[in-house]
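[1] Got a predicted model here, sequence first, then my questions.
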Amino acid sequence: MPEPAPRPPSFTVTVQRGIEMPMRDGTILRGHLYLPTGDGPFPALVERVAYELESRCSAVGNYYAGRGYAVVGQNVRGALTSEGVFQPFVDDAWGVHRDGHDTIEWIASQPWCDGNVGMLDGSYSGFTQYYALPTRPPHLRACYVREGGNDFYHDWGYDGGAFRLAWLLENALGSPDAFVQHGADWNALEPIRRRLASARDEIEQWYRHLPLQSVPPLEGVDRSYLRMLAHPDDGPHWWPLCLSLQLDEIDTPVLHLGGWFDIFRQGTLRGFEGIRQHGRSALCRANQRLIIGPWIHGPGNVGRRDVGELDFGPQAAFDLFGHRLRWYDHWLKGMDTGIMDEPVIQVFLMGSNQWLTLDDWPPPAAYTQVYLREGAGPSDASLNGGRLSVEPPAAIEPPDGYAYDPEDPVPSLLLGFELGPRDHAPVEGSMLTYTSDVLSEDLAVVGPIKAVLHASSSAPDTDWVVRLCDVWPDGRAMSVCDGILRARYRNGFHRPEPLTPDHIYQFTVEMGSTAQLFARGHRIRVEVTSSDFPRHDRNLNTGGPLGQETAGQVAHNAVFHDAEHRSHLLLPIYPSPSPDPSTVRGQEAQAD
């Protein structure tokens with residue numbers, strides 16, 4: 001994405017560490033202040049995180065302070081030097097304390113601030129930005145959310161009702177609550193630190209440990225991990241951190257930036273869609289912007305061309321720092337930077353490696369049912385060798401069955417922040433696969449994707465994992481997007497219902513959104529299985545309470561695709577853009 005040359009720094013920077021910011025209940029939150037030298041006051045930017053501030057905030061602090069902004073990096077309540085009890089995001093939203101609101105208003109009142117405040121960066125601080133929005137701090141002018149979520153249940157704790165095991169356990173072992181409590185005696189915590197470091201070295205063992213709610217290395221240390229396990233259903237425990245319930249209170253321009261392989265991709269899209277449709281004012285709704293690139297999570301990955309096992313070419317480049325500066329200069333300084341003349345929505349079309357400009361998300365598309373069909377039969381490369389076809393089954397086709405043993409789950413190739421794309425052909429021998437004929441022309445898919453499975457299980461509960469892959473002429477099956485559904489949540493995540501063994505149900509598996517061009521000469525493949533471990537916890541197939549059981553059972557699962565039970569994928573087909581020569585050359589380079 002071409003960008004104007006960034007504005008060079010015009011200020012030297014001084015840093016004040018340990019500044020104190022009182023909240024409405026008297027709790028003191030602390031942080032670092034990066035100030036431009038010279039006459040102020042200045043507009044201000046704030047990043048609110050639970051992490052160590054020196055390494056987290058120095059780059060953004062020095063960059064934006066050097067260009068005329070006062071920048072505050074703050075530890076949230078209970079984190080590191082800040083007072084209070086650390087509860088992830090609880091005090092950052094619209095509850096009792098409203099620390100995001102109070103922080104912004106305290107900054108606006110300082111002599112070095114001109115009263116214009118913006119919020120900064122992403123991931124944890126993406127959540128804290130989203131959660132501050134409904135509190136409407138009077139001096140908040142704009143946010144720029146990089147890769148943030150806004151629904152604690154769906155974006156952080158659970159995916160399709162399955163516990164995000166690897167992500168959450170690694171977080172708990174790496175940064176437990178007790179380590180970030182204000183006033184903690186670090187010398188006294190040294191034995192615990194060694195215990196957790198040892199557990200991280202043996203994390204494969206702890207992924208498999210049962211019951212999930214008993215993790216000896218975390219005893220007496222972590223609370224949030226166990227609280228999440230104790231609330232597997234969406235409901236009142238989670239709703240205070242669900243932005244979708246507060247959209248009509250939001251009245252702030254926001255630029256939402258994410259990646260197609262980012263762990264918080266759906267939060268980015270949900271935030272943009274929700275505020276654009278339901279924001280408090282017409283001005284707010286008109287000033288939402290969306291950018292989605294072909295990236296995985298992390299500021300260092302925004303703008304990278306090599307992602308997972310593919311190279312998306314020079315078109316994937318993006319100047320995050322410079323682009324944010326233009327957004328802040330417009331909203332906090334009133335400068336004409338041209339940023340509001342850019343398209344409302346810019347998304348990267350993978351496969352053709354070019355940017356699409358859109359007016360709406362999801363864009364208008366022809367939703368096409370692509371059917372799972374009977375195939376060549378089992379082989380070392382697939383449990384069934386099924387076909388994928390736009391022609392629906394018109395007669396009886398036998399179902400595709402398999403045994404899912406939680407003691408022998410399908411291994412995850414995508415973990416943590418490394419969510420793709422990767423070649424899944426090496427593990428497809430453990431899955432059902434459905435593959436299209438070779439494409440005779442390019443096929444672009446842009447928007448949310450769903451799989452509708454007609455399926456049964458011998459067990460009272462099981463999981464359905466569905467993945468969409470782009471099959472290259474050399475046989476690689478590169479992951480595009482995927483989804484999981486815990487069968488007990490087929491009628492809603494707040495309402496678990498056991499299965500009747502061997503009864504055929506319809507399951508809708510949300511696979512998230514993408515923008516992917518399946519090139520001429522490639523094929524489309526759908527993988528179906530019942531585990532993706534340890535990215536998600538193993539469904540023990542018993543229907544019992546999450547985290548409390550020590551053993552599971554084998555489930556005999558079947559996917560039906562006959563005239564009465566038309567299992568299919570719902571694909572949003574978008575007009576294929578004309579490729580430019582440099583993009584075609586980039587694709588040829590990938591094939592090498």
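    Nice, thanks for sending it over.

[2] Just the pLDDT at the residue nearest to the spatial centre of the chain, thanks.
    By C-alpha atoms, centre = their mean, the chain has its centre lying nearest to Phe264, at 1.4 Å. Listed pLDDT for Phe264 reads 97.

[3] Name the SS class of the residue nearest to it when sequence neighbours are not counted, please.
    Setting aside the residues directly before and after it, Phe264 is nearest to Gly149 in space (C-beta to C-beta, 6 or more residues apart in numbering), at 4.2 Å. Heads up, the C-betas are built off the backbone N, CA and C, glycines and all. The three-state label given to Gly149 by DSSP: H, G, I helix; E, B strand; the rest coil is coil.

[4] contacting residues for Gly149?
    Gly126, Phe127, Tyr130, Asp155, Trp156, Phe264, Gly267, Thr268 (C-beta atoms under 8 Å, 6 or more residues apart in numbering).

[5] The same query, at a cut-off of 7 Å, please.
    Gly126, Phe127, Asp155, Trp156, Phe264, Gly267 (C-beta atoms under 7 Å, 6 or more residues apart in numbering).

[6] State the distance from Arg56 to Gly547.
    32 Å (C-beta to C-beta, to the nearest Å).

[7] you'd agree Leu415 is up against Ala166?
    Yes: when contacts are counted by C-beta atoms under 7 Å, Leu415 is listed as touching Ala166 (5.2 Å).

[8] What about Tyr367, how many residues nearby?
    13 (other C-beta atoms under 10 Å).

[9] That one belongs to a strand, doesn't it?
    Yes: checked against three-state DSSP, Tyr367 lies within a strand.

[10] so it sits right up against His568, yeah?
    No: between Tyr367 and His568 there is no contact under C-beta under 7 Å: 10.8 Å.

[11] And the helices in this structure?
    In the chain, the helices defined using DSSP state H lie at 53-65, 99-108, 124-132, 165-174, 190-201, 203-208, 224-229, 265-278, 282-286, 320-333, 581-591.

[12] Considering those, which stretch scores lowest in mean pLDDT?
    Across the helices of the chain, the lowest-scoring stretch is helix 581-591, with a mean of 42.

[13] so what's Pro498 up against?
    Pro460, Asp461, Arg488, Gly543.

[14] From Val554, how far off is it?
    17 Å.

[15] just to revisit the earlier point, for Leu415 and Ala166, list the residues in contact with both.
    Arg535.

[16] farthest pair in the contacts of Gly149?
    Greatest spatial distance in the contacts of Gly149: Gly126 and Trp156, 11.4 Å, computed using C-beta to C-beta.

[17] possible to save the contacts of Gly149 as CSV with distance to Trp94?
    As requested, those are exported to CSV (distance: C-beta to C-beta, whole Å):
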residue, distance to Trp94
Gly126, 17
Phe127, 13
Asp155, 17
Trp156, 17
Phe264, 20
Gly267, 17
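
[18] Can you tell me which of those residues is nearest Asp474?
    Phe264 (32.0 Å).

[19] you'd agree that closest one is up against Arg146?
    No: counting by C-beta under 7 Å, Phe264 does not reach Arg146; the two are 9.6 Å apart.

[20] where does this protein have low pLDDT?
    175-184, 186, 222, 579-592 (pLDDT under 70).

[21] nearest residue to Gly543 other than its sequence neighbours?
    Gly543's closest residue in space is Pro460 (C-beta to C-beta, 6+ apart), at 3.4 Å.

[22] Might you report the residue contacts of Val390?
    Val390 neighbours (C-beta under 7 Å, 6+ apart): Thr368, Val370.

[23] Pick out whichever of Gly126 and Trp156 has more residues nearby.
    Gly126 (30 against 24).

[24] Could I get the contacting residues of the more buried one?
    Per C-beta under 7 Å, 6+ apart, neighbours of Gly126: Val145, Arg146, Glu147, Gly148, Gly149, Phe264.
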